[in-house]
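Student: my questions are about this predicted structure, shown below with the sequence.
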Amino acid sequence: MSYGVSAALQAAVYQRLAGDGVLSPLVGGAIYDAAPPGAVAGTYVSLGPEDARDASDQVGRGAFHEFVVSVVTDAAGFQTAKTVAAAVSDALTGASLPLSRGRLVGLWFLRARARRVEEADVRRIDLTFRARVED
C-alpha cells in the first residue's frame, strides 16, 4: 500500500471544489480544507475525514481513499444544503483530477447523510466519495 498520494489527492479535491463555477458562488467561496473553528454563519463546504486501504496489485502500489466533504448551513430547512451538496457531487463524481503525485484512476460518489445538528440549529450533509489512486 501507499499512502503517499493522500496529500496530492486532498489538494486536487480542494482545488476542484474551490474552482468550480457553480459551487463557489453558492457558498461565496467558503470552501475550507479544515472546518473553521467556532460557529460560522452562512453556508460552507469543508473537507473531512478520510480512510484509506490498500489496492496494490502486481503492476504497482495503489490505494482506495474514502473521504468526506461536508456541507454546513444555518439556513432554515434542507433546501440550501441539498443544493450545495448536489453541486459538490457534480463537481467531484467522475472528475479527472490532476495530482502532484500519483494518478487518479477513478472518483465515485458513495453515500450522503443529511441531518440537523440540534444544539447549533444548523443543517449538515456529509457526502462520502471513493477515489482509486496509483502511486
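Tutor: Ah, there it is.

Student: okay, now A76: neighbour count?
Tutor: A count of nearby residues for A76, using other C-beta atoms under 10 Å, gives 9. From N, CA and C alone the C-beta is placed, and that goes for glycine too.

Student: the longest strand anywhere in the chain: which residues count as buried?
Tutor: Of all segments of type strand in the chain, defined using DSSP state E, the longest is strand 103-117. Across strand 103-117, burial judged by 16 or more other C-beta atoms under 10 Å covers 104, 107, 112.

Student: which strands or helices does that strand pack on?
Tutor: When contacts are defined as 3 or more C-beta pairs under 8 Å, 6 or more residues apart in numbering; DSSP states H and E, strand 103-117 packs onto helix 79-92, strand 122-134.

Student: can you redo the ones you listed as JSON lines with mean pLDDT, distance to L23 and mean neighbour count?
Tutor: Converted to JSON lines, the helices and strands packed on strand 103-117 look like this (pLDDT from 0 to 100; distance: least, C-beta to C-beta, whole Å; neighbours: other C-beta atoms under 10 Å):
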{"stretch": "helix 79-92", "mean pLDDT": "98", "distance to L23": "4", "mean neighbour count": "19"}
{"stretch": "strand 122-134", "mean pLDDT": "96", "distance to L23": "12", "mean neighbour count": "20"}
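
Student: output the ones you listed as JSON lines; include the columns distance to V72.
Tutor: Listed next are the helices and strands packed on strand 103-117 as JSON lines, based on distance: least, C-beta to C-beta, whole Å:
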{"stretch": "helix 79-92", "distance to V72": "8"}
{"stretch": "strand 122-134", "distance to V72": "5"}
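
Student: and these: which comes nearest V40?
Tutor: strand 122-134 (9.1 Å; C-beta to C-beta).

Student: taking helix 79-92 as reference, get the angle to the closest one.
Tutor: Going by axes from the mean of the first three to the mean of the last three C-alpha atoms, to 10 degrees, strand 122-134 is angled at 10 degrees with respect to helix 79-92.
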